[in-house]
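Student: here is my input; please provide its structure:
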Amino acid sequence: MLDLLVTRVGVGEAADRDLAGGLVDGEDDALVRDGMLGEFERAGGGLRDEPFAPEMAAGKAMLLRAYAWLERWLADNKLPPHVSIVTCAAAPSLFYADWTQPIPPDCPRLAALRAELLALPEVARCVDDARPFRPYFPPGAPARD
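Tutor: Numbering: from 1, shown residues only. Okay, the predicted model is just below:
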């Protein structure tokens with residue numbers, strides 16, 4: 001989703017695209033996966049009892065970097081006033097990413113965007129409908145949202 005956002009608005013550098021894409025396809029997924037898979041067990045699909053701390057720390061650091069990039073982008077750009085493909089993709093991405101690494105206070109625009117997206121009736125309905133499945137989220141679901 002964020003790759004699409006970067007491409008559509010013309011924000012240029014490949015590093016920015018990689019960073020933005022990492023929020024969705026990379027670090028958040030890695031944090032969830034690393035909470036389940038053993039360091040040497042990925043190929044065999046093995047599960048482990050505890051997350052691998054170095055991978056968790058690296059994933060959280062990358063999410064914080066992506067949050068800072070998105071905060072800067074939001075300072076200089078506006079999303080369309082209507083629900084778009086970007087909106088539809090950003091809602092679940094920010095929803096779960098914030099669960100694995102909370103959006104910090106120095107990213108108020110990003111936190112506001114997440115709150116705005118979660119307040120959309122269609123998104124709120126999805127969040128409510130999925131509540132019974134929260135115990136299956138590997139890092140654990142916070143008692144909010």
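Student: where does pLDDT dip in the protein?
Tutor: Within the chain, the segments meeting pLDDT under 70 span 1-49.
Student: pull the longest helix from it.
Tutor: As assigned by DSSP state H, the longest helix anywhere in the chain is helix 53-76.
Student: alpha carbons of the following helix or strand past that one, in CSV - could you do that?
Tutor: Next in sequence after helix 53-76, counting helices and strands by DSSP states H and E, comes helix 85-100. This file holds the C-alpha atoms of helix 85-100, laid out as CSV (Å, rounded to 0.1, in the frame of the first residue of the first chain):
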residue,chain,number,x,y,z
ILE,A,85,-7.2,2.3,-2.2
VAL,A,86,-4.5,4.0,0.0
THR,A,87,-7.1,4.4,2.8
CYS,A,88,-8.2,0.8,2.5
ALA,A,89,-4.6,-0.4,2.7
ALA,A,90,-3.4,2.0,5.4
ALA,A,91,-6.1,1.1,7.9
PRO,A,92,-5.1,-2.5,8.6
SER,A,93,-1.4,-1.7,8.2
LEU,A,94,-1.4,1.0,10.8
PHE,A,95,-3.9,-0.9,13.0
TYR,A,96,-1.6,-3.9,13.4
ALA,A,97,1.7,-2.0,13.2
ASP,A,98,0.7,0.1,16.1
TRP,A,99,0.0,-3.0,18.1
THR,A,100,3.5,-4.4,17.6
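Student: in helix 85-100, which residues are buried?
Tutor: By 16 or more other CB atoms under 10 Å, the buried positions in helix 85-100 come out as 86-87, 89-100. (Glycine included, C-beta is placed from N, CA and C.)
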